[in-house]
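Asker: need a structure here:
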Amino acid sequence: MTRGHLAQTQICLLVCVVISMFASPYAPAQPSPAMPTAGSATIVGHVHDVNAKPVANARVTLQLANSDGTRSVEVQFADTDISGGFRFGNVQCGSYTLRADPKGYTPAVLGPLNIGENEQKTVDVSLVVSGNHGSQTPALKTKPDTNAAGAPEFYDEPQFTVAGVMPATNSGGHATDTIVRTTEALAKATTSLNSDPDRALAENLKTTPSLKESELQEAVMRAPESVEANRQLGQFLATNGRAAEAVPYLERASQLSPGDAELHHLLASVDEKVGNPLQAVRQYQRAAELKSSETNLFDWGTELLSHRALEPATEVLSKGNRLYPNSVRMLVALGVTWYARGSYDQAAQCLISASDVNPDDPAPYLFLGRMQSVQTAPLQGAIKRLARFAEMRPNNALANYNYAVALWKQSVVAANSAGEKEVMPRIAQLIEKAIQLDPKFAGAYLQLGILDSHLGDFPHATAALQKAIETSLGPNATLAEAHYRLAQIYERTGDKTKAHQELELHTLIATQARNSSDRERQQVQEFVISLKNNPAENPAP
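Answerer: Got it, this is the predicted structure:
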């Protein structure tokens, strides 16, 4: 069948309507009708195992005690989300018992929890796997929503410390090179979602009097212990491309005012600019401990992610997601972190949740599409969301392309000839539309070549692959694969000479692309992470 024949075939796709499990990051509690709403409190929490791994879909019950200490019949229920989070709203004052009883774990019963009017209490539940020795009653950590001035707000101390930095390792090997490159590209793209340090500096300077550098220097000389004088001079220098000169002044300001979260965050962004990631991550951490804002937690987590401290990044971003369940970028960053750790389905679910939180935000769809493009099988739930994005953004080349790739992955896995006849014209239509919208879209030409080759239309496939080569910029994976696919076509059509030439080009370009990635990788410093309070991980010499 030729692509010309396919263009004449009109298809009506049957889309199964599936109720999304990820429309809200928290499963809503089921309040008893007897519970009042006026002056009510909130309980939020997290369920995890002893290794800090989140326990999803765990049923959590909250039961009010009567005045004589017996248990009331008034009970609320909640199920934990993918990060182990849960939330009870509309909680009246009183004393409560909380129980977590997921399958495979010893039930945890906590209490009494004394709840005051309009209080927000945070609960941390650590579960023991059934059959494990040790205490079956987990430690309970709670904190009110507000603290004394200067006290850290981060309710649970991180289970890691950043001990140092080292050169990045060239992990992954050739067999996983595509996954490794995709992971690195996604991590780099995630950092672009954070607060722009330059813009943040500019915003801060709006509140600063319009002074010359000489006046700012003079102010520091007159009052070297002035927090404001040091901050203003540091901001001025950093904003004008002199970040290294700004560091001493911002450090002095943060030392003089150690409880100022904004100063620590500002110093972190400047430390990152001057190539001091170790100090940057420590300053981001301190900012988050002092003020658990969405920005502080996100920037701390993505700083860890960008330097491949994946488990600590997961811990920070998971807590950020629990505190800010409607933050799309927090869910995206958490998804990228899971992807980097090889948990592809969990990564996809984070991005699906992000797309459901704000369907109009393109970021989750674009990240999901990038992940889907290198997977051999379709990611669960991805097709429905990518279809939604293509419908919402019909003039977006990437939206059409990503949906086409997702349908292609599904058709390859299904390997159903009847289903293939129905979906292939739709895939071709989406790819051709992406090319019309972006005539220099090398990836779309490559995918079109793959599709035509699969259908046995080698002339059209050859033309598409040659166009992919023509529009590719520099040595990259798309260019290398295009040469490889051409080699396959020439081999099948009996042109051994051209097949050999294309294979040689594929090898050369793939090697150049890999070397380029290795050079970039070597410029990244990885954080050296030590786990706290874990003697088994740090045996005595």
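Asker: what sits against the residue most central in space within the chain?
Answerer: Note on the chain: the residue nearest the mean C-alpha position is Ala333, at 1.7 Å, using Cα atoms, centre = their mean. Listed by Cβ atoms under 8 Å, 6 or more residues apart in numbering, the contact partners of Ala333 are 190, 193, 298, 301-302, 305, 313, 317. The C-beta positions use only the backbone N, C-alpha and C, and glycine is treated the same way.
Asker: Nearest to Phe88 among the residues you listed?
Answerer: Leu317 (23.2 Å; Cβ to Cβ).
Asker: you'd agree the closest one is up against Leu297?
Answerer: Yes - when contacts are counted by Cβ atoms under 8 Å, Leu317 is listed as touching Leu297 (7.5 Å).
Asker: Give me the common contacts of these two.
Answerer: In contact with both Leu317 and Leu297: Met330, using Cβ under 8 Å, 6+ apart.
Asker: who has more neighbours, these two?
Answerer: Shown here are Leu317 and Leu297; by other Cβ atoms under 10 Å, Leu317 has more neighbours (31 against 27).
Asker: where does the stretch 51-200 of the chain have low pLDDT?
Answerer: Within the stretch 51-200 of the chain, the ranges that satisfy pLDDT under 70 run 51, 66-74, 129-156, 167-178, 194-200.
Asker: cool, the chain as well?
Answerer: For the chain, the ranges with pLDDT under 70 are 1-39, 50-51, 66-74, 129-156, 167-178, 194-211, 413-421, 520-525, 531-541.
Asker: what ranges do the strands span in it?
Answerer: Using DSSP state E, the strands of the chain run over 41-49, 59-65, 71-79, 85-91, 94-100, 108-115, 120-127, 160-167, 525-531.
Asker: What are the buried residues along the fifth one?
Answerer: Applying a neighbour-count criterion of 16 or more other Cβ atoms under 10 Å, one finds 94, 96-100 buried in strand 94-100.
Asker: I'd like these written out as a markdown table, with distance to Gln349 added.
Answerer: As requested, the buried residues of strand 94-100 are arranged in a markdown table below (distance: Cβ to Cβ, whole Å):
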| residue | distance to Gln349 |
| --- | --- |
| Gly94 | 36 |
| Tyr96 | 31 |
| Thr97 | 31 |
| Leu98 | 26 |
| Arg99 | 26 |
| Ala100 | 21 |
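Asker: And these, which is closest to Met166?
Answerer: Using Cβ to Cβ, Ala100 comes nearest to Met166 of these, at 38.6 Å.
Asker: residues touching that closest one, list them.
Answerer: Here Ala100 is in contact with 47, 55, 58-60, 107-108, 125, 127 (criterion: Cβ under 8 Å, 6+ apart).
Asker: Name whatever forms a beta bridge with it.
Answerer: As for beta bridges, Ala100 partners with Val60, Ala108 under DSSP bridges.
Asker: My guess is Ala404 contacts Ile427. True?
Answerer: Yes - contact criterion Cβ under 8 Å: Ala404 and Ile427 qualify, at 4.9 Å.
Asker: So for those two, which sits in the more crowded spot?
Answerer: Comparing Ala404 with Ile427 by other Cβ under 10 Å, the one with more neighbours is Ala404, at 27 against 24.
Asker: care to break this structure down by domain?
Answerer: 41-127, 177-342 (automatic domain parsing).
Asker: circling back to that earlier point, how about the strands of the chain in a markdown table, adding distance to Tyr445?
Answerer: Output for the strands of the chain, formatted as a markdown table (distance: least, Cβ to Cβ, whole Å):
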| stretch | distance to Tyr445 |
| --- | --- |
| strand 41-49 | 46 |
| strand 59-65 | 51 |
| strand 71-79 | 46 |
| strand 85-91 | 43 |
| strand 94-100 | 52 |
| strand 108-115 | 56 |
| strand 120-127 | 51 |
| strand 160-167 | 37 |
| strand 525-531 | 36 |
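Asker: Among the contacts of Ala333, which one has the most neighbours?
Answerer: Leu317 (31 neighbours).
Asker: if I pick that one, what's in contact with it?
Answerer: By Cβ under 8 Å, 6+ apart, the neighbours of Leu317 are 297-298, 301-302, 305, 330, 333-334, 337.
Asker: what about the strands of the chain, which gets the closest to Ala243?
Answerer: strand 525-531 (17.3 Å).
Asker: strands paired with the closest one, and their directions?
Answerer: Partners of strand 525-531 in the sheet, by DSSP bridges, are strand 160-167 (antiparallel).
Asker: mind listing what's buried in the partner strand?
Answerer: Of the residues in strand 160-167, 160, 162, 165 count as buried by neighbour count, 16+ other Cβ under 10 Å.
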